[in-house]
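Visitor: following is a predicted model, sequence given first.
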Amino acid sequence: MNWFSYRLKKSPLFRLFLLLVFVFLLLLALKFVSSRMHRKPVITTVFPSVVSENDVVTILGNNFGKADSGNGLRFGEDFFSSAQCISWEDEKITFTVPKNFSSTLLSVTDGAESSQKVIITQRTDIPEILHQELSTVRPEITSLSRANGGLGQTITIYGSHFGNTRQNSQVIFTDVTDTFLNETSANIEGTLCLEENFDFISWSDKEINIHVPDGARSGSLVVQTPAGLSNPVPFTVSSRVGKKTISNKRTITLSLSASLQDFTVRSRQNSLFLYTAKPIPSYRQTNPQLLSTDSSVFAASFQGSTIYKFENITETSKIAVSETLSLETYDVKVSVEPSLISANIRLKPEIKQYTNATALVQSDSQAVKNLASSIIGNTTNPYTNARKIYQYLLEEITASSRVSTAERPIDDIIASRFADSYELSLLYCALLRASNIPCVQIAGIVIADNQTTYNHWWNEFYIDELGWLPVDVGMAMGVPFKRDDTNESYFAGLDGLHIAFSSDIQFQTQMLSESTIVNKSKAYCLRHIWEESIGLVAYNALWPVPKVISVY
């Protein structure tokens, strides 16, 4: 018997010692394995990165974990708990910029590890003199990281005089191929990168990183700053699966109004906020502008709205707001080779969220799942499945030209096989999401040939390398009116007489936490707040359909 065996057999202390050594080594091994398995948080996008107090910021990335006491944000050395955020998901965080915020480094922490640090800038910290200096020198592009690419691919633009922060500067994809653009080309047509689509990754004076935006055109890439346009650099937009064509530009002027009266007042010191909607920028409608208003503006551009504030309202008060808006719209046609579309959708986090069920889009309903499965069968091609569902609705659902004021559960819509245009778009959206196809409900107006306008709802679904494709089930079924078009013209195609005021539900922040908010269902914009008040009991409000002033 050797020494070790003898000690092991005869000495209890020796056995205890060995046990403690074994436990110690086991704990070290578990800690090592845990550290190897633990996934460090990673930030891919912060939007917007230049902020003011109470702005809503979105962080996209991976491995953020669930909201709990250990997870949170670090603003420099300050900790901001996940419970203080608006929402916290593994790939997406939204939060409201706190008061007394200063420019700092932002990171996501799960208690064990932190992500890389990114700069988030307080708008008031940006020196005004810097803008004045930059505004005198036109930007210059020296090279691109690639001369061609598909939708969503990353491009780095190298050059000078882009500005240290983006502010209102832009990257434009245009079909203009001139070798030089002078300052009179400031209104150059093309597809813009949009913050709303997370097209901007980073911006500095000598380097810009972007994603190729939805609807980008082959021709040239141009950087535009307050100083003017850069030299155009050739860029080809490529896609294996098809082509999205944007044509027939229209400039449309609209009037938008709201009126309120018959107030019941709780307190003489009261406040009322009105949130008027703006057309949303996208690949098919550009340059939305507020041309004029007859009231004093409280906030010119806040989360997609113009906000008006009224105070000290009495029972006899009559409030009216009238605006004139303009935008440019285009017809969209898409040619597709379905056989080349992959069944495995490569989704960015901001696109993937549109396959999820929400309180409005009840795609997790068993009735929706069963119907979607029966329609698409064993087909895995997302474009083919989107068309199958479109065709099913045309053949199996009866359309109502009258929009009901009531909101029915989606199971009732399926059971009745009867739907207005709002319900048609909602059902189409739910069926596509249940089929794992990203889809959004679009709210806006549609313009008839005599320039009469109607509240209307349609959809867009997402296909890799093509982006968002429009679908209007209602118009294909003749509601709210019939055009001399084939049903096929409303699948993966749309005219420029559709004006979108929202894509999915717009998130909005209350001005006052203790105020009462008013939402409007089945309206030309889907959002949480139309009216916000404090000190008022009741009143009557009228929001007419926006009217056309001109189309040319």
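Guide: Cool, got the structure.
Visitor: on the three-state scheme, the residue lying closest to residue 310 once chain neighbours are set aside is what?
Guide: Among residues not flanking residue 310 along the chain, residue 272 sits closest, at 4.6 Å (C-beta to C-beta, 6 or more residues apart in numbering). The C-beta positions use only the backbone N, C-alpha and C, and glycine is treated the same way. Of the three states, residue 272 takes strand under DSSP: H, G, I helix; E, B strand; the rest coil.
Visitor: quick one: contacts for residue 272?
Guide: The neighbourhood of residue 272, defined by C-beta atoms under 8 Å, 6 or more residues apart in numbering, consists of 260, 309-311, 313, 319, 531-533, 536.
Visitor: tell me the bridge partners for it.
Guide: residue 310, residue 533 (DSSP bridges).
Visitor: neighbours around residue 165, how many?
Guide: 18 (other C-beta atoms under 10 Å).
Visitor: in space, what's closest to it - neighbours in sequence excluded?
Guide: Using C-beta to C-beta, 6+ apart, the closest residue to residue 165 is residue 50 (5.7 Å).
Visitor: buried ones in the longest strand that the chain contains, by neighbour count?
Guide: Among the segments of the chain that qualify as a strand by DSSP state E, the longest is strand 242-265. If you call a residue buried by 16 or more other C-beta atoms under 10 Å, then strand 242-265 has these buried ones: 242, 244, 246, 250, 252-254, 256-258, 260, 263, 265.
Visitor: show me what that strand packs onto, helices and strands only.
Guide: strand 271-277, strand 319-336, strand 536-542, strand 547-551 (3 or more C-beta pairs under 8 Å, 6 or more residues apart in numbering; DSSP states H and E).
Visitor: wait, which of those is closest to residue 226?
Guide: Of all those, strand 319-336 sits nearest to residue 226, with 21.0 Å by C-beta to C-beta.
Visitor: just the CA trace of the closest one, in CSV.
Guide: This file holds the C-alpha atoms of strand 319-336, laid out as CSV (Å, rounded to 0.1, in the frame of the first residue of the first chain):
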residue,chain,number,x,y,z
ILE,A,319,-59.9,75.8,-30.9
ALA,A,320,-58.9,75.2,-34.5
VAL,A,321,-55.7,74.2,-36.2
SER,A,322,-55.1,74.3,-39.9
GLU,A,323,-51.9,73.3,-41.7
THR,A,324,-50.6,73.1,-45.3
LEU,A,325,-48.3,70.2,-46.0
SER,A,326,-46.4,69.1,-49.1
LEU,A,327,-44.5,65.9,-50.2
GLU,A,328,-43.2,64.1,-53.2
THR,A,329,-44.6,60.6,-54.1
TYR,A,330,-43.7,58.0,-56.7
ASP,A,331,-45.3,54.9,-58.3
VAL,A,332,-43.7,51.7,-57.3
LYS,A,333,-43.4,48.5,-59.4
VAL,A,334,-41.5,45.4,-58.5
SER,A,335,-40.3,42.7,-60.8
VAL,A,336,-39.4,39.4,-59.0
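Visitor: what's the offset of that strand from the middle of its chain?
Guide: In terms of C-alpha atoms, centre = their mean, to the nearest Å, the centre of strand 319-336 is found 17 Å from the chain centre.
Visitor: please apply the same query to stretch 143-162.
Guide: 23 Å.
Visitor: and the end-to-end length of that stretch?
Guide: End-to-end span of stretch 143-162 (C-alpha to C-alpha, to the nearest Å): 13 Å.
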